[in-house]
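[1] no sequence on hand, only this structure:
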């Protein structure tokens, strides 16, 4: 049985189509990434799958339960960490966890040991008596996660969990997610950051409510047509301008280097070198590189102002 | 010419040294990315650069003004834009520009010219009477940028300027920033997102109040990392991780998608050891290769290296 099965799921708000006929399946124990910019429909999808919001079309099942007809039973099986998750700043770490335990109706008996396990697991044991308001951003995130896990859910929904968190804490957070995966929890996580998406087993790229791609990270990268080249130059801005004028491919300027997506590697390489040398510029390096998800995304979506 | 110069900059809060001995120069027209985890001294440094906080030691200039004695002049000569920075959603594009013209006290005679410049730069001429709340994210970003540049500041501070916008708009935004920099504006960026850092000409990493690394994104990836990164693809990665992490010579191992990424001081030495260990434990190695570290790998490694160093010093001092 799929941990999550979504069939033609849609949600309109008046005239606005927030989510347009989404279909996907997530296997038990998978870390599945819902990836897209702000306004792509990530939070709407999260709310639909957690039974908080009703769809205007389609169906979905989580852990075998229908998200509308069996919404009440569903709540016991899932954990949900919303973007603005409700921690009580005046309560301590432990009190917050207790509060969520009561909310989910976790029996007091046996809760103690589960709480100890979650505290250890999220490295919060030394801070159990600290007020949540006095925790760092990364620690709040971990406490939010611990609270979402207090009733040992089988499927965990995380809406942009590492937003605003620094890279060190982000890495810690993902270590915990992989640990959960090892224990068999299915994780459905959303992010606006494509480098973070690479940590997922499979991803769905979402843009303006529509599914752009659904595959493993490698599979999605394979969708990019053409060859991506990286140019190093002592004058990258000028090089980018020249290459754009010469229309050798799709040009993206980064700090000290330029990425050019060309239809064919060798011919592209030759025309880049010819263009730059023709203008008296030196080529410090030009090589084929592996695209990242950002490259795929930018080639798959139309410009807003096109 | 340097537009930002810092020499041994220091800031204390009581006994706590938030920024210690930071020296840095940013050239005119450079896009400089200033990175560091929360609590590392990043905001304190920015506040001193913007004339909002007085240094406790050292010296510095921004756009030619002294950060100790000419703080008012600095405030008038910088632009500031943040993703969280609010445009008034109920106002039209034009009204937002007019509002900020007032805030920045643009002289009456110049107002029309500056407004026209912003509308053109941000490609918003056709939307001048549109309510700002109705614009797509990338367009708001450009309007916000335009408003921060109304008073023609020579230095522009950006705080996570493209967080959450779609990648295409992000690329367009950074193209605009590169154009501005090409025209002589110096840009100082702070961010937690390595995707944004990749667009900067040069990066500085601050940790525990000290500048621990400085270089272009490529230099950072190729030279600043003391360790090498290997990517291992095998079956049952979760179980394999335990074996890999326990090997002597493996400094750190983490799951990454379906693979394991591990850091080691000597990739050549560890590869045969790793293959043997995998075979003995019954794992099938599908691929094992050295990969270019990501900026995130570099920064996490530098920060953890610093932590170990400090830990060792503490032990030494008893």
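    Looks like it came in fine. Note that the structure is predicted; figures quoted are calculated from it, not measured.

[2] contacts, neighbours, all on C-alpha from now
    Noted.

[3] tell me the SS of the residue of the stretch 101-250 of chain A found nearest chain B?
    Relative to chain B, the nearest point of the stretch 101-250 of chain A is residue A:199 (4.1 Å; Cα to the nearest Cα). At residue A:199, secondary structure determined by DSSP: H, G, I helix; E, B strand; the rest coil is coil.

[4] which ones are touching it?
    B:255-258 (Cα atoms under 8 Å, 6 or more residues apart in numbering or on different chains).

[5] nearest residue to residue A:213 in space, ignoring adjacent ones along the chain?
    residue A:205 (5.2 Å; Cα to Cα, 6 or more residues apart in numbering or on different chains).

[6] list the buried residues of stretch B:223-239.
    Within stretch B:223-239, the residues that qualify as buried are B:224-225, B:227-234, B:237-238, counting by 16 or more other Cα atoms under 10 Å in any protein chain shown.

[7] wait, which of these is closest to chain A?
    Using Cα to the nearest Cα as the measure, the one of the buried residues of stretch B:223-239 that approaches chain A most closely is residue B:238, at 6.5 Å.

[8] in which helix or strand would I find that closest one?
    In this assignment (DSSP states H and E), residue B:238 forms part of helix B:237-246.

[9] contacts for that helix?
    Judged by Cα under 8 Å, 6+ apart, the contacts made with helix B:237-246 from elsewhere in the structure are A:178, A:182, B:234, B:250-255, B:258-260, B:274, B:277-278, B:281, B:283.

[10] now swap in stretch B:30-37 and tell me
    By Cα under 8 Å, 6+ apart, the surrounding residues in contact with stretch B:30-37 are A:166-168, A:255, B:26, B:42, B:178, B:181, B:185-192, B:197, B:200-207.

[11] now do it: distance to the chain's middle.
    Centre-to-centre, stretch B:30-37 and its host chain are 4 Å apart (Cα atoms, centre = their mean, to the nearest Å).

[12] same question for stretch B:214-228.
    Distance of stretch B:214-228 from its chain centroid, counting by Cα atoms, centre = their mean, is 15 Å.

[13] average model confidence for that stretch?
    Mean per-residue pLDDT for stretch B:214-228: 90.

[14] got the end-to-end distance for that stretch?
    Using Cα to Cα, to the nearest Å, the span of stretch B:214-228 from its first residue to its last is 19 Å.

[15] quick one: distance of the helix holding residue B:238 to the chain centre.
    Per Cα atoms, centre = their mean, the displacement of helix B:237-246 from the mean C-alpha position of its chain is 33 Å.

[16] quick check: residue A:31 touching residue A:201?
    Yes - with contacts defined as Cα atoms under 8 Å, residue A:31 counts as touching residue A:201 at a distance of 5.4 Å.

[17] near chain A, which residues of chain B?
    Taking Cα under 8 Å from any Cα of the partner chain as the contact definition, chain B meets chain A at B:31, B:36-38, B:136-138, B:164-169, B:171, B:175, B:178, B:182, B:192-193, B:195, B:198-202, B:216-218, B:238, B:254-258, B:296, B:300.

[18] are any of those residues buried, and if so which?
    Buried members of the residues of chain B next to chain A, counted by 16+ other Cα under 10 Å: B:31, B:36-38, B:137-138, B:164-169, B:171, B:175, B:178, B:182, B:192-193, B:195, B:198-202, B:216-218, B:238, B:254-258, B:296, B:300.

[19] which members of those are positioned in strands?
    Helix and strand membership here follows DSSP state E; of those, those in strands are B:31, B:202, B:254-256.

[20] who has more neighbours out of residue A:31 and residue A:201?
    Neighbour tally, residue A:31 and residue A:201, criterion other Cα atoms under 10 Å in any protein chain shown: the higher count belongs to residue A:31, 24 against 19.

[21] just list whatever residues bridge to the spatially closest residue to that one that is not a sequence neighbour.
    Nearest residue to residue A:31 in three dimensions, chain neighbours excluded: residue A:187, at 4.7 Å (Cα to Cα, 6+ apart). When bridges are called by DSSP bridges, residue A:187 pairs up with residue A:31, residue A:156.

[22] I'd say residue A:187 and residue A:27 touch.
    No - using Cα under 8 Å, residue A:187 and residue A:27 do not qualify as a contacting pair, with a distance of 9.8 Å.

[23] which one of those two is surrounded by more residues?
    Each of residue A:187 and residue A:27 had its neighbours counted (other Cα under 10 Å), and the higher figure belongs to residue A:187 (28 against 15).

[24] who touches the residue of the stretch 1-150 of chain A found nearest chain B in this structure?
    Each residue of the stretch 1-150 of chain A has a distance to chain B, by Cα to the nearest Cα, and the smallest belongs to residue A:37, at 4.6 Å. Contact criterion Cα under 8 Å, 6+ apart gives A:191-193, A:206-207, B:164-167 as the residues in contact with residue A:37.

[25] check residue B:4 too.
    Residues counted as contacts of residue B:4 (Cα under 8 Å, 6+ apart) are B:24-27, B:60-64.

[26] can you redo the residues you listed as JSON lines with secondary structure, pLDDT and neighbour count?
    JSON lines is the format used below for the contacts of residue B:4 (DSSP: H, G, I helix; E, B strand; the rest coil; pLDDT from 0 to 100; neighbours: other Cα atoms under 10 Å in any protein chain shown):
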{"residue": "B:24", "secondary structure": "strand", "pLDDT": "96", "neighbour count": "16"}
{"residue": "B:25", "secondary structure": "strand", "pLDDT": "97", "neighbour count": "15"}
{"residue": "B:26", "secondary structure": "strand", "pLDDT": "97", "neighbour count": "19"}
{"residue": "B:27", "secondary structure": "strand", "pLDDT": "97", "neighbour count": "16"}
{"residue": "B:60", "secondary structure": "strand", "pLDDT": "97", "neighbour count": "22"}
{"residue": "B:61", "secondary structure": "strand", "pLDDT": "97", "neighbour count": "21"}
{"residue": "B:62", "secondary structure": "strand", "pLDDT": "97", "neighbour count": "26"}
{"residue": "B:63", "secondary structure": "coil", "pLDDT": "96", "neighbour count": "19"}
{"residue": "B:64", "secondary structure": "coil", "pLDDT": "96", "neighbour count": "15"}
